[in-house]
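> below are the sequence and a predicted model; questions follow.
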Amino acid sequence: MLGSIVDILKILWSEWNIRGAVLFSLCLQIFLILASPYRRRTASSITILFIWLAYLLADTVATFAIGMISKTHHVNQSDNGDSSSSPTSDLLSFWAPFLLVHLGGPDTITAFALEDNQLWIRHLITFFMQAGTTLYFFFLSLPSNRLKFPTSLMFLAGFVKYLERTCSMYLASKNKFRDYMNRDVALQPDHDKTEKYAKKWQEILDHPEPVSARTVQHQEEQEQPLLSELDVLTRAGGLLEIEQALLADMILGLPIRDFSRKFFEGISARDALRVLEVELGFTYQVLYTKLLIVRSALGKIARVLAVAAVLLALFSFYLNSSSDFDDIDVTVTYTLLFGAVALEALAILKSSLSDPTTGTATDTAFSAWWRNHVVTGFYGHLIRRPDQHTLPQGSRVISKEWCASVSGFNLMTYSLNRYEIGFGLQGLVKDQWLFKSSKPLREDLWEFIYLELKEKSNKYATTKDVDSVRKACSTRGEGVMEKYGLDKGCIDLMPSVVNIPYDESLLLWHVATELLYNNASDESQDKELDYKEFSKTLSDYLLYLLIMQPAMMSTVSGFGKVRFEDTCSNVRKLFDKWGVGRNQIRSAYKKLLNAKPEFRAPAASKGSNSNKENVVLFTASRLAKELQKLETEKWEVVGKVWVELLSYAAINCDKTAHAQQLSKGGELITFVWLMMAHLGLSVQFQEDAYVWEPKGDLFDVEKEAELANRP
């Protein structure tokens, strides 16, 4: 019986190995073009995993299928004993160019990670090898191949698609991306040119209505955003080049900073986030899709040729197909042809509904109608998350393009739960994802962060003094202490944020926040309850970044994981000593809050504290007691300290990490970084900077006036 099963499997494999491979390759392409846009709308590891597997399998399966076709073709030639082609060989030669189309990939994903773009040379070499192989056995089937014309057309389409992907990866590679941004930068500062553009931007700043005539109502009286969808897209397109220049580590002039600050100071927090998400969406498409290629003049011509070639190939095959072909093979061929047409149709639809189309379309009557009625309506409906209406007021998700959640990770809960279920410390990496939490990005939380950043901008980013901005970028709580007078007197909290490593300060405030949050005697007012929730969310979020997104915190994390592991170990030992279990967390918090060890600033240690009394736990306990003395201002202070800790991590994060995270749902810290940069809180803005002329419509005075007066 076993032998019969094996024989059946061998027969199935011999008949369906190539058919199955080419159909599976088509299915992978359909999955990728439909699923890849969700990379930036979800933080789900499972979703990202499936897209990653499909991305890897797509190239592997297509390459495997080309190899199988080549082998089968040579076997058929050997069996025939001459160079004449058989119906099967004709169809195999016709299928091969479809695999080149598949290797070119969909427009929505050229690279899964930034590192893929750096491998564009390898991809180019692979292109020549696969294209050469396909051409080789196609030429062997000539001149008797009855499908030589549709095969030539599909080869043209495959050549275009594959070359599009390779060129897109080349343009998005690190060095080329920087060269692209440097195309309009002078080698030396040009003060005359700087003054010229300073005057040009000042005209925009002085415009009485920089947004739209439709925004005359008071902001607080409107539930809807002040900026229309088209306003957001247009202004994000203008600010895009500033963001990309910052990602390329360019130094920009102060007039650019002043213009950007002025724009964001005049809009609401919600509109600011909408502009940022569209900006980051543009950058995502530049780095991970075929945007730059398909938007170029040559790319549009090539795309027209590719689409025409596919349609003509379909028509030609219909005319040239005969009864000599196997019915199953004909069905597979039509599936490949209609699949190729469907992929092109989806690509055109997505391209016509994408943000760059609406932000840079020519101002004709038709394009204006398209942008205002189709894109802002139909497109906005397509990308709106279905659970928006189920969220309570104040917890409304603003983002439609990005993952609208804030992840979290709690040290105390993690330590106690892992202790109870018997995991050892060595299992940290394996099971930490089980304790990850997620909350919706509350609109009032973003507004709280936005207002704090604007206040810092008004204090530090209004002069030409770079040292002042550098100070703003280096504060991680001391600014709040100075504002509330907590750096002197009977309550001195300054040692908890200065003269100690950032990761140690973060752990200290995380534990203190957790103790305060779970204090049963806390009876805060409504406003304080908001600050309380903000503090809890940001506390868990920053620990999540420190432990589970180390790339985002690599420049500030220090020995963060070591300290975290030591603290977890000490929590378990201490609570084991006290006889505290998983179901007694609240009593454990209360007991730790009332612990006796005296408060002292944590030592600026460089490694593990496992052989000493745990400094973080008892210092955090004392810090929580000191914060309790603030009474009504307690949670306001804690919340603002967390904003400073977040902004410090954001502006000091490696910019490559920000770009990498765009393909994984995005992170709140990336939005904070970009918001800080646009508010001038970045040392990349300097007085004697290289001259750089943005090309966006937002910097065109006449264009801006036209937009402002548009009905």
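Sure thing, it's come through.
> number of nearby residues for I301?
For I301, the count of nearby residues is 11 (other Cβ atoms under 10 Å). From N, CA and C alone the C-beta is placed, and that goes for glycine too.
> buried residues, the helix or strand containing it. List them.
Here I301 is covered by helix 297-320, with elements defined by DSSP states H and E. Across helix 297-320, burial judged by 16 or more other Cβ atoms under 10 Å covers 299, 302-303, 306-307, 309-314, 316-317.
> got JSON lines for these, with distance to L630 and pLDDT too?
Listed next are the buried residues of helix 297-320 as JSON lines, based on distance: Cβ to Cβ, whole Å; pLDDT from 0 to 100:
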{"residue": "G299", "distance to L630": "60", "pLDDT": "87"}
{"residue": "A302", "distance to L630": "64", "pLDDT": "90"}
{"residue": "R303", "distance to L630": "62", "pLDDT": "89"}
{"residue": "A306", "distance to L630": "66", "pLDDT": "92"}
{"residue": "V307", "distance to L630": "66", "pLDDT": "92"}
{"residue": "A309", "distance to L630": "71", "pLDDT": "93"}
{"residue": "V310", "distance to L630": "68", "pLDDT": "93"}
{"residue": "L311", "distance to L630": "71", "pLDDT": "94"}
{"residue": "L312", "distance to L630": "75", "pLDDT": "94"}
{"residue": "A313", "distance to L630": "74", "pLDDT": "92"}
{"residue": "L314", "distance to L630": "73", "pLDDT": "92"}
{"residue": "S316", "distance to L630": "79", "pLDDT": "90"}
{"residue": "F317", "distance to L630": "77", "pLDDT": "90"}
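> just for the stretch 351-500 of the chain, where's the confidence low?
The model of the stretch 351-500 of the chain has pLDDT under 70 over residues 352-401, 403, 418-430, 488-492.
> in the stretch 151-300 of the chain, which spans are strands?
Secondary structure of the stretch 151-300 of the chain, counting by DSSP state E, counting those that start in this stretch: strands at 252-253.
> low-confidence ranges in it?
For the stretch 151-300 of the chain, residues meeting the criterion pLDDT under 70 lie at 180-225.
> quick one, helices of it?
174-181, 191-205, 229-247, 254-265, 269-288, 291-294, 297-320 (DSSP state H, counting those that start in this stretch).
> can you put those helices in JSON lines and add distance to Q29?
Formatted as JSON lines, the helices of the stretch 151-300 of the chain follow (distance: least, Cβ to Cβ, whole Å):
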{"stretch": "helix 174-181", "distance to Q29": "26"}
{"stretch": "helix 191-205", "distance to Q29": "45"}
{"stretch": "helix 229-247", "distance to Q29": "29"}
{"stretch": "helix 254-265", "distance to Q29": "40"}
{"stretch": "helix 269-288", "distance to Q29": "16"}
{"stretch": "helix 291-294", "distance to Q29": "16"}
{"stretch": "helix 297-320", "distance to Q29": "13"}
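> closest one to S89 among those helices?
Smallest distance to S89 across these (Cβ to Cβ): 14.7 Å, for helix 297-320.
> which other residues reach that closest one?
Contact with helix 297-320 is made by 94, 146-147, 149-151, 153-154, 156-157, 160-161, 163-164, 290, 292-294, 333-334, 337-338, 340-341, 344, 348, as judged by Cβ atoms under 8 Å, 6 or more residues apart in numbering.
> buried subset of those as a ChimeraX selection?
Selection of buried members from the contacts of helix 297-320 for ChimeraX, criterion 16+ other Cβ under 10 Å:
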select :94,146,147,150,151,153,154,156,157,160,161,163,164,290,292,293,294,333,337,340,344
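> regarding this protein, what is its longest helix?
Ranked by number of residues, the top helix in the chain under DSSP state H is helix 45-80.
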